[in-house]
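**Student:** Got a sequence here, can you build the structure:
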Amino acid sequence: MPSNVILPERVELARRATPFQLLTRASERWGRGQRIWVKRDDLTGTTLTGNKVRKLEYFVAHAQANGIDSLITCGGAQSNHARATAAVCAQQGWHCELILRGATLEASGNTFLDRLFGATIQLVPEPVYRRQLDQLLERCADKLRGEGRKPLVIPTGGSNGIGIWGYVSAAQEILDDMSAEHIEHAYVITATGSGGTQAGLTLGMDLASAAVEVIGIAVCDNSGWFNRKVLHDVAEARQWMPELPELTRQPITFDDYVGPGYGVAGPEIYALIAELASLEGLVLDPVYTAKAFYGMLDLIKNGALAAHKDIVFVHTGGIFGLFPHHEHMDALLDR
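**Tutor:** Numbering: from 1, shown residues only. As a prediction, this is how the structure comes out:
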């Protein structure tokens, strides 16, 4: 990383450095001579598990520096980011408000933990959520200001010019892992659902001039939207830190693996979750990581990742989101 680029302040919340493991049997099963590695960001904590806590470290530092006492954020009913935000607020003694998209509040998975951490939840039907999210967030902030609180609104997935620093720093951690394993060139694959993880990795690898291609596997929306979002988040980070050099690489996103839609998986995704768990003891979730892993395997199969021997899959967590899908898994496991 250039010497004139100093990362913003963060509050240490995550367990780092997370393990970097070779998936030996998965490589034999699917690698076609290539090695599949996993960056275990599902092990950043217990209830803070996953990629969201890396982003929240920078939001919490910003909040502490500005006297914030309440966090407001949003997402799907089973949002990993919302659950991590609720956990952080409980740790900091702050108030938490979650605006969640959905028709019903499930009694398991992330929503159970949201309630356990004491978050106030507003459940909003999807059409209203999509049309009025900005207004809903601002009304919530106004309400808290009226109660004498000082709130901070965090966008979907913690993906903006503050949140991406979590994965700018993680990019250097991955490069250190690769160096320890004598890996010079690699693909780094991540699920992308709000763009911030992909943006941070892309910027981090670019700042390090690394021989690494960052690829996002979209779990919603489309590749054009995410490529624009990555560039937007990097531009926003430059507003906070004008000394950042211009991004020299273009974001790469594949949108062929969204399936029926966000949070909805096909039978091939559930089958992959079961097979990988029994093969490597590695648990994916049907919303993010299993779709990204499935996409990675398809790209390997089609020769799209043939330029480098090593492929690093960033496991962004999400295990709690698997539980509401147990009926689909039960059907597989009972066979």
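
**Student:** mind listing the helices in the stretch 151-300 of the chain by residue range?
**Tutor:** Taking DSSP state H, counting those that start in this stretch as the test, the helices found in the stretch 151-300 of the chain are 165-180, 196-207, 223-240, 267-280, 289-301.

**Student:** Pick the most buried one from those helices.
**Tutor:** Of those, the one with the most neighbours on average (mean count of other C-beta atoms under 10 Å) is helix 196-207, at a mean of 28. Bear in mind the C-beta positions are built from the backbone N, C-alpha and C, glycine included.

**Student:** Can you give the domain ranges for this structure?
**Tutor:** 20-47+160-333, 52-158 (automatic domain parsing).

**Student:** So which of these is nearest Arg10?
**Tutor:** domain 52-158 (4.0 Å; C-beta to C-beta).

**Student:** sorry, back to before: export the domains of the chain as a markdown table, with columns for mean pLDDT and distance to Leu13.
**Tutor:** Shown next, in a markdown table, are the domains of the chain (pLDDT from 0 to 100; distance: least, C-beta to C-beta, whole Å):
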| stretch | mean pLDDT | distance to Leu13 |
| --- | --- | --- |
| domain 20-47+160-333 | 96 | 7 |
| domain 52-158 | 96 | 5 |
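
**Student:** Quick one: closest of those to Glu12.
**Tutor:** Per C-beta to C-beta, nearest to Glu12 of the domains of the chain: domain 52-158, 6.5 Å.

**Student:** and the end-to-end length of the closest one?
**Tutor:** Domain 52-158 has an end-to-end distance of 7 Å (criterion: C-alpha to C-alpha, to the nearest Å).

**Student:** try stretch 65-83
**Tutor:** Termini of stretch 65-83 sit 23 Å apart (C-alpha to C-alpha).

**Student:** Can we start the residue count at 22 from this point?
**Tutor:** Will do, 22 is the new start, and the previous item becomes stretch 86-104.

**Student:** name the element Gln42 belongs to?
**Tutor:** Gln42 belongs to strand 41-43 when assigned by DSSP states H and E.

**Student:** what are the pairing partners of that strand, and which direction each?
**Tutor:** strand 56-60 (antiparallel) (DSSP bridges).

**Student:** Give the buried residues for the strand it pairs with.
**Tutor:** 56-60 (16 or more other C-beta atoms under 10 Å).

**Student:** Double-check that Leu144 belongs to a helix.
**Tutor:** No. In this structure, Leu144 is strand, not part of a helix, as judged by DSSP: H, G, I helix; E, B strand; the rest coil.

**Student:** rewinding a little: mind putting the domains of the chain in a markdown table, distance to Val32 included?
**Tutor:** Output for those, formatted as a markdown table (distance: least, C-beta to C-beta, whole Å):
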| stretch | distance to Val32 |
| --- | --- |
| domain 41-68+181-354 | 12 |
| domain 73-179 | 4 |
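
**Student:** And the ones you listed: which comes nearest Ile27?
**Tutor:** domain 41-68+181-354 (8.2 Å).

**Student:** mind checking how far that closest one is from the chain centre?
**Tutor:** 8 Å (C-alpha atoms, centre = their mean, to the nearest Å).

**Student:** Quick one: end-to-end length of that domain, please.
**Tutor:** End-to-end for domain 41-68+181-354, by C-alpha to C-alpha: 29 Å.

**Student:** what does stretch 198-215 give?
**Tutor:** Chord length of stretch 198-215, first to last residue, is 26 Å (C-alpha to C-alpha).

**Student:** tell me which residues of it are tucked away?
**Tutor:** In stretch 198-215, counting by 16+ other C-beta under 10 Å, buried: 198-199, 204, 207-215.

**Student:** Which member of those is positioned nearest Tyr150?
**Tutor:** Among the buried residues of stretch 198-215, and counting by C-beta to C-beta, the member closest to Tyr150 is Ser215, at 14.2 Å.
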